[in-house]
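A.B. asks: Sequence first, then the predicted structure, then my questions.
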Amino acid sequence: MPLLSLGSLKLKNPLMLASGTWGFGETLPQEVLKGAGALVSKGISLFPREGNPPPRLSETPCGLINSIGLENPGLSVFRERILPRLLSYGPPVVVNILGESEEEFLRLAEGLCGAGASGLEVNISCPNVKKGGIAFSQDPEGVFRLVKRIREVWKGFLAVKLSPVGPVSEVAQAAEEAGAEALTCANTYPALSVIREGKGPRFHLGGLSGPAIKPLTLRLVYELSRRVKLPLIACGGIVSGRDAWEYLLCGARAFQVGTATLLDPRAPLRILSELDALAKDG
Amino acid sequence: MIPAKVIRQKRLGEEYFLLELEAPEVAEKALPGQFVRLSAWPGNDPLLPRPFSVHEVEGARISVLYQVRGRGTRILSALRRGDEVKVDGPLGRPFPVPDAGPVWVIAGGIGVAPFLFYLETLKARGVPRRLFYGARSRGDLLRISRLARLSPLIVTTEDGSAGRRGLVTEALSEALTRERPAMILACGPPAMLSAVGRIAGEAGIPTWLSLEAVMACGRGLCLGCAVPRRDGGYLKVCVEGPAVGLREVDLDALT
């Protein structure tokens, strides 16, 4: 099978496992890990993060709101103890990195040089503490500077994971000009559900994923594909081969599967075979 | 997720059901304390499969005992013989089975669900055991005659309509003034678990609490089913539980 190119990243198929939806592979069937085009790690920060208190999940019609709070073991544990295992699965590994300042992102990129990962996916949905906590994703100039500086230290594949809200196309263009090789479109949507608990109503704020967001992100991919030349990696509510196919029709070069894997750990393989069947039918 | 046929669905009261499934792969592997995820609807709404303790295993069949609480369980309760569901499991860590007893098992309400399978296993291994089973009222006591054949049984109800009037934790405290089990295992509402934790902790008895949390993946992928750990950070109910050692749990955060 010919390899698919996303900038310098070569994939055997267009399916990537999305960040934060497959653990570190411990409990996923080996065939699923080996069968993916690429594996995008859970978001890794410079230091460990313990994540948010419960509730971390709430279900909405066709959707799932999560507020995990970026729980992760931090750069050094990831690099020494976890990354070697991820690399052993076979497909190229892209490390999702998250920082609260440019310096944190740079130290992450430097710290991952030479560790075996094929690429980085920059999570710009976190707040920039130096800018009063406004997310990087709301600041196209900030994204330009951030990506340019990461590009100086990181020679491998470099993708930026866009937030679906805010000045999305300006941010996408900034990332392109600064030297990103692909754009992941997109992260979860800021959302809220009112959950009933023993003591009364409670607001659960988090990011919405799942089939509920597919038409929204599909539109975003369609629009962005007309505004940037970079390959787009679609990410938003794909649970079937048909969903993936629609994203490819709308301009995506590859796609990520996330919530579907939570519903059924074998979903990525099913999505790939459904997509294959659709492609054969023309 | 693999398809499984409904063998039968039995209504056990106003809001309680026993669902029996033909699921040989699950039945073969399941151990007491583990759970399955079930989905019985087409499409993506509800989105998440629902987690249930394995209640009983008989040959190629498993059953789950559940209370109708929301949309998912309401849909499940309409299933009839011959219908198809999708099942994922067994998941989670099995309950500890000590070589020597006695093991005291504390159930609150629908928290009794995983204990039939567990008591059966203890009985088969000759481990002395006792079930303390508390509910609101007579109608909330489930599978009593079956359970009574597996274990000595102390029943409490809050309204006194069956067994002793009061809370199951009161019966536990009282029994602890006279005897001392080798291990305690509890499953029930958070307030009950927290009380059992305090009582058993004071008595210095090795204790396990079977926890419940809203869950997405059931296998440690999403980190959604977090419960505060006593020493900081969060434990994940799906892979570190459902039953967790008392020393791991922050009892104040349970309620």
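C.D. replies: Arrived safely.
A.B. asks: how about residue 46, secondary structure?
C.D. replies: Unless you meant another one, I'm taking chain A. Reduced to three states with DSSP: H, G, I helix; E, B strand; the rest coil, the structure at A:Leu46 is coil.
A.B. asks: Select the helix or strand of chain A having the lowest average pLDDT value.
C.D. replies: Least confident helix or strand of chain A, by mean pLDDT, DSSP states H and E, is strand A:127-128 with a mean of 78.
A.B. asks: For the chain, which segments count as helices?
C.D. replies: Went with chain A since none was named. Assigned by DSSP state H, the helices in chain A fall at A:30-35, A:75-77, A:83-88, A:102-112, A:140-153, A:168-178, A:214-225, A:241-249, A:259-263, A:267-280.
A.B. asks: hmm, I had chain B in mind actually
C.D. replies: Using DSSP H, the helices of chain B run over residues B:24-29, B:71-77, B:115-124, B:144-150, B:168-176, B:190-203, B:237-240, B:251-254.
A.B. asks: Next, format these as a markdown table and append mean neighbour count.
C.D. replies: Quick note: C-beta positions are derived from backbone N, CA and C, even for glycine. Conversion of these to a markdown table gives the following (neighbours: other Cβ atoms under 10 Å in any protein chain shown):
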| stretch | mean neighbour count |
| --- | --- |
| helix B:24-29 | 16 |
| helix B:71-77 | 18 |
| helix B:115-124 | 22 |
| helix B:144-150 | 14 |
| helix B:168-176 | 19 |
| helix B:190-203 | 20 |
| helix B:237-240 | 23 |
| helix B:251-254 | 15 |
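A.B. asks: can I get those in a markdown table with mean pLDDT?
C.D. replies: Listed next are those as a markdown table, based on pLDDT from 0 to 100:
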| stretch | mean pLDDT |
| --- | --- |
| helix B:24-29 | 98 |
| helix B:71-77 | 96 |
| helix B:115-124 | 98 |
| helix B:144-150 | 97 |
| helix B:168-176 | 98 |
| helix B:190-203 | 97 |
| helix B:237-240 | 97 |
| helix B:251-254 | 91 |
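A.B. asks: what does the stretch 101-250 of chain B put close to chain A?
C.D. replies: Residues of the stretch 101-250 of chain B found near chain A, taking Cβ under 8 Å from any Cβ of the partner chain as the criterion, are B:213-217, B:219-228, B:232-234, B:239.
A.B. asks: Please repeat the previous calculation with a cut-off of 6 Å.
C.D. replies: Proximity of the stretch 101-250 of chain B to chain A, by Cβ under 6 Å from any Cβ of the partner chain, involves residues B:Val214, B:Ala216, B:Cys217, B:Arg219, B:Gly220, B:Leu221, B:Cys222, B:Leu223, B:Gly224, B:Ala226, B:Gly233.
A.B. asks: Filter the residues you listed down to the ones in strands?
C.D. replies: Taking DSSP state E as the definition of strands, these contribute B:Ala226.
A.B. asks: of all the residues of the stretch 101-250 of chain B next to chain A, which comes closest to A:Thr259?
C.D. replies: When these are compared for distance to A:Thr259 (Cβ to Cβ), B:Ala216 comes out closest, at 8.0 Å.
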